[in-house]
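Asks: Please find the sequence and the predicted model below.
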Amino acid sequence: MTLTQILLLIPLLPLAGAIVSGLGRNVVGRNGAHWITIFAVAASCGLSFKILGWHMQGLIGVENLSVYTWMVSDGIKFEIGFLVDHLTSLMMCVVTFVSLMVHIYTIGYMQDDPGYQRFFSYINLFTFAMLMLVMSNNFLQLFFGWEAVGLVSYLLIGFWFKKESAIFANLKAFLVNRVGDFGFLLGIAAVVMAFGSLDYATVFAAAPGKAGDTISIIGGMDWNLMTVICVCLFIGAMGKSAQAPLHVWLPDSMEGPTPISALIHAATMVTAGIFMVARMSPLFELSDAALSFVMLIGAFTALAMGMIGIVQNDIKRVVAYSTLSQLGYMTVALGVSAYSAAIFHLMTHAFFKALLFLGAGSVIIALHHQQDMRYMGGLRRYMPVTWITAWLGTLALIGFPFFSGFYSKDAIIEAVHLSERWGSGVVYWAVVLGVFITALYSFRLLYLAFHGNERFEVVNSDEEHLPDGQVAHAPVESPFVVTMPLVLLAIPSVVIGWYTIEPVLFGGWLDDSIYVLERNDVLAELGHHFHGATAMALHAVQTIPFWMMVAGFAVATLVYQFRPALADMAARRAPGIYRLLEHKYYFDELYQRSFADGSLKLGQGLWNKADAGLIDGWLVNGSAKAVNWLAGRVRRWQTGFLYDYAFAMIVGLIAILGTWVVLR
Amino acid sequence: MLNSSLLSLLIWIPIIGGVLVLMAGDQRPVLARRIALLVSVLALGFSVPLYLDFDSSSAAMQFVELRPWIESFDINYHLGVDGFAVPLILLTTFFGVLVVIAGWEVIQKKVHQYMAAFLIMEGLMVGVFCALDALLFYVFFEAMLIPMFLVIGMWGGPRRVYATIKFFLYTFLGSVFMLVGLIYLYIQAGTWDIQSWHQLPLSLAVQKWLFLGFLAAFAVKIPMWPVHTWLPDAHVEAPTGGSVILAAIMLKIGGYGFIRFSLPIAPDASSALDWLLIALSLIAIVYIGFVALAQQDMKKLIAYSSISHMGFVTLGLFIAFAIFRDTGGTSGAALGVEGAMVQMISHGFISGALFLCVGVLYDRVHSRMIKDYGGVANTMPWFAFFAVLFLMANAGLPGTSGFVGEFMVILASFKASFWFAFCAGLTLILGAAYSLWLVKRVIFGEVANRNVETLSDINAREAFVLGVLAIAVVGVGLWPQPLVELMHASVDQLLSHIIQSKVQGA
């Protein structure tokens, strides 16, 4: 098999699996659906690791392969093709591995659901779309994958389509993403205008030559072309990677089944924006203004969204806000030109956040779909595997030394520290404070769910819907298909950072894909101080972020292990802040009133007033009425009396004669 | 032999077939249906050599037929096709078959007349796309109103009389202005040959009057804001098949008219007045997008969405002049014109499919109102699959044909101005908003009422029609190259023609 054929198989196997298990769902049945889709994604995972292996052995380099010509118009070639470099192969492995884990987990999580086959079909389709996105060698296919993952996300958030909240959430998610895509498409249009091509290689090669170009948008004011392109592209990333103020869809996306929260809304799709900016590093490097913008947006998201996580009671929503916050960290890394650090955090985060989501899902199954942490507690006695893996995931998330999240997050914080980008001073403190917040909400979740007293009552009944705080049967550890992915994800969550920090960040593994100007290269500077992963972890106790983490842990332990009353007291003492956090800074209310209701009112106004009122009522029917009125008048002249006609004839004759006389 | 009269066959097979169906009479509906199907399949079959033998590397008119018709007025029976006409003819014969199948058991009253009207209409519409003699064009252009008038008037909804009169007067009024322009051009040029008119030098003032005359006809047809208000009424009252043909083919005749008449005959006026057309197009895209959001009737919603999507056609055509002025070259202009053409074909598939989807629901529940539905996916999963696919295509999802044309036009308009692209790009949000809100209210949710609870999923006939359209929508979305390839040469020729002023020779 040629390389192109192998690369084609990687996305097409899941696509085929999706089609067979989706359209033929009654033919293949439940078991058929999960075997087919799991085989497809396992094969594509195996092939992805094979590609990664070839890269590591140096058997293949940067492979830029065209598959077919989508269209040629106006001399521009629109192609479908693959660009496989180290960044791509890393992403392919992360995507397919997490996807495989989620596929297996789904067997347990969705076992009683009537839409079993449909679910497997969707997650296979998602894997296809995400692979098309990361493997693309051009903007067209990137946009295809970008929107296709959005489509599957839409279908999956609304998977339980009878639930009003779910179909509200998926509409909201799609529309907010479309706002981002609107910017993204303008960015692509600007690229085509400037470079006349959609091919990455062509555009990146020509980019430095256009660095000084300007474009006028408002009046005579000239804007730097690269800044316009990069900001537009980044607006797309803000939608997909849920950066403020386009973050509002992600918490609501938790209405979808938990496996997809892990796969789509934590590990893969939401990181597409991060991946895209890293891929576009040759463009972003040319605009300091755009990078500052990226960094500030990321910092705001990292800190502000983490704080909301502290007051949430729904276990999935806590993890969702944590995801927003961690995506903010990645965005900050992009903003300081530490693209490799962003990708590195993307990878470690994919493992530990998928783990945390799947762990939350395991808890939810055990408590018969109870998601409110106020009715949990003490679960460690019932589900030890879930409990221990949740601890491991949490330690990775808060950045405990030697765990994967430690390496990636510390690298980002240090990179910000070294950066001279405009605004990086403030951003540094935001990301450091973020560590405290992260530790606080993470341990709060652990304590509320697994430790302390049980806040639920086992009633041993067969009732379907019990009131909050009652469960029908004592919770039990989830089945093997659920715990196995937890264990398999816990392993990389712990060790992957230690193993890979050196090659990924400092060994130039991503140098074939990411371009950094020398003056911006904070990671190279950081590399001078790097003396191995172990030394870095040992050195951590002397750094501020470590003590921030310890402080977060201490506060969480004090409040949620020993003095629960403190939490209520804090809420009472600062009601303003509490309400602000509880209402998520009122973004939802604002958007609902201004954009959603406003658009509808505008539409109704235009329709009733302008369309039906002015154009139809006045002009169209009005002229019909005018003709009718005139005809009515004229008709009255036709009286039927001879003397009237004789009179008219005389008047007419006089008029004609008069005209003749005058004109002669 | 075949190719020398292929276009005549494509015109007259459906028309004569329609007469035959009519002769089957009211008492033999089965026979009428069978003849209609046979005839429409035959016409589709004859359009295969049209596609295969068309030389896309040439911009010249092909399959030309030229016979004198009314010699005393120099009127000829003159037919021919280029890269603009061929895709539209293929679209017409394709839908010719689909509407016959779609109306198979739905239409129980006067079956022979219904089928005949559609067949005759098909032949006349093919005639519009083939005619190279202006008067012949005008005859086809007006004649096709009659069967549509009858279709809405006889098989339409409760307010069908208002809708038919409005439809007829609106379009007729517009085309009268065009007729004046045509007569003027005949007097000037001494011929009705459209291609000769393309070469005719004209002063700017004359061009402007002619341009406005053509605009009156084609702006109503396509339709552009603010002469669009006949369309929602016509759609709402028309039977499903009527809506499908109206949206899928008839609107395209407006776009085709701009390409065949306005641009090449009056290029200087087109250039001088392009701001007007661009402004109206952008208003259509944005304003109508908001109006579509407020609709409570599914057919009206799709009708408004059609107007918004046709805004991309006029935008793509007229953006060329802004690009000439701003950049001094044609680079980007071809993308706009080809985008406009792709948008027309794609909109044909998508809007046709959406009206068929509404028809499927209407046949079962006899309501077009959104509030009468909810949770249709529970009882009609296959229908839900198709409806979501087509509505996603309507929202311009990449991988469907709806994306291709809009993408090309937005890329092209960025060349002319950031703000053109900005306004056009808003469709990404608005199109998704009205399409997917419709999905939420009709397809998703709990079963809303008894009617929805007793719905039966689509039958084999409906699945076939929607399935064929789904293949077309996804096919063009995944590989538009065969479609755009057809028109490259014609587009290049059009652009090199309209970039040159015709004023000098006048």
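Replies: Done, it's in.
Asks: Look up phi and psi at A:Val67.
Replies: In this entry, A:Val67 is assigned phi and psi values of phi -100, psi -50 (degrees, to the nearest 10).
Asks: ok, residue 171 - how many residues close by?
Replies: If you meant another chain, say so; for now it's chain A. Applying the criterion other Cβ atoms under 10 Å in any protein chain shown, we find 24 residues in the vicinity of A:Leu171. Backbone N, C-alpha and C define where each C-beta goes, glycine included.
Asks: oops, chain B please
Replies: 26.
Asks: Buried residues, the stretch of helix or strand it belongs to. List them.
Replies: Using DSSP states H and E, B:Thr171 maps to helix B:160-189. By neighbour count, and taking 16 or more other Cβ atoms under 10 Å in any protein chain shown as the criterion, the buried residues in helix B:160-189 are B:160, B:163-164, B:166-168, B:170-171, B:174-175, B:177-179, B:181-182, B:185-186, B:189.
Asks: what does stretch B:41-60 give?
Replies: Applying a neighbour-count criterion of 16+ other Cβ under 10 Å, the buried positions in stretch B:41-60 are B:Leu42, B:Ala43, B:Leu44, B:Phe46, B:Ser47, B:Leu50, B:Phe54, B:Ser56, B:Ala59.
Asks: Looking at the stretch 201-350 of chain A, what residue ends up closest to chain B?
Replies: In the stretch 201-350 of chain A, the residue that lies nearest chain B is A:Ile217 (4.9 Å; Cβ to the nearest Cβ).
Asks: Disregarding flanking residues, what is the spatial nearest neighbour of that residue?
Replies: Of all residues not flanking A:Ile217 in the chain, B:Phe418 sits nearest, at 4.9 Å (Cβ to Cβ, 6 or more residues apart in numbering or on different chains).
Asks: Which residue, other than its chain neighbours, is closest to A:Gly29?
Replies: Nearest-residue entry for A:Gly29: A:Gln117, 7.6 Å, with adjacent residues in sequence omitted and distances by Cβ to Cβ, 6+ apart.
Asks: so what does the helix holding B:Thr171 touch, helix or strand wise?
Replies: Under the contact criterion of 3 or more Cβ pairs under 8 Å, 6 or more residues apart in numbering or on different chains; DSSP states H and E, the helices and strands touching helix B:160-189 comprise helix B:134-143, helix B:145-155, helix B:194-199, helix B:204-221, helix B:230-237.
Asks: ok, now which ones touch the residue nearest to A:Gly29?
Replies: Taking Cβ atoms under 8 Å, 6 or more residues apart in numbering or on different chains as the definition of contact, the neighbours of A:Gln117 are A:Ser21, A:Gly22, A:Arg25, A:Val28, A:Gly29, A:Arg30, A:Ala33.
Asks: now do 7 Å
Replies: Neighbour list for A:Gln117: A:Ser21, A:Arg25, A:Val28, A:Arg30, A:Ala33 [criterion: Cβ atoms under 7 Å, 6 or more residues apart in numbering or on different chains].
Asks: check which helix or strand covers it.
Replies: When elements are defined using DSSP H and E, A:Gln117 is found to belong to helix A:116-135.
Asks: Ok, A:Tyr407 next?
Replies: Assigning secondary structure by DSSP H and E places A:Tyr407 in helix A:404-418.
Asks: number of nearby residues for A:Trp547?
Replies: Using other Cβ under 10 Å, A:Trp547 is surrounded by 16 other residues.
Asks: Give me the angle between the helix or strand harbouring it and helix A:404-418.
Replies: In this structure, A:Trp547 is located in helix A:544-557 according to DSSP H and E. Taking axes from the mean of the first three to the mean of the last three Cα atoms, to 10 degrees, helix A:544-557 and helix A:404-418 form an angle of 130 degrees between their directions.
Asks: count of residues packed around the residue nearest to A:Ile217?
Replies: Burial measure for B:Phe418: 21 neighbouring residues, criterion other Cβ under 10 Å.
Asks: Model confidence at it, what's the number?
Replies: The predicted structure scores B:Phe418 at 90 on the pLDDT scale.
Asks: again, but for B:Gly505
Replies: In this prediction B:Gly505 is given a pLDDT of 60.
Asks: and residue 425, what does it touch?
Replies: Since no chain was named, I'll use chain A. A:Gly425 sits next to no residue when contact means Cβ under 7 Å, 6+ apart.
Asks: wait, I meant chain B there
Replies: A:Phe182, A:Leu185, A:Leu186, B:Ile410 are the contacts of B:Gly425 under Cβ under 7 Å, 6+ apart.
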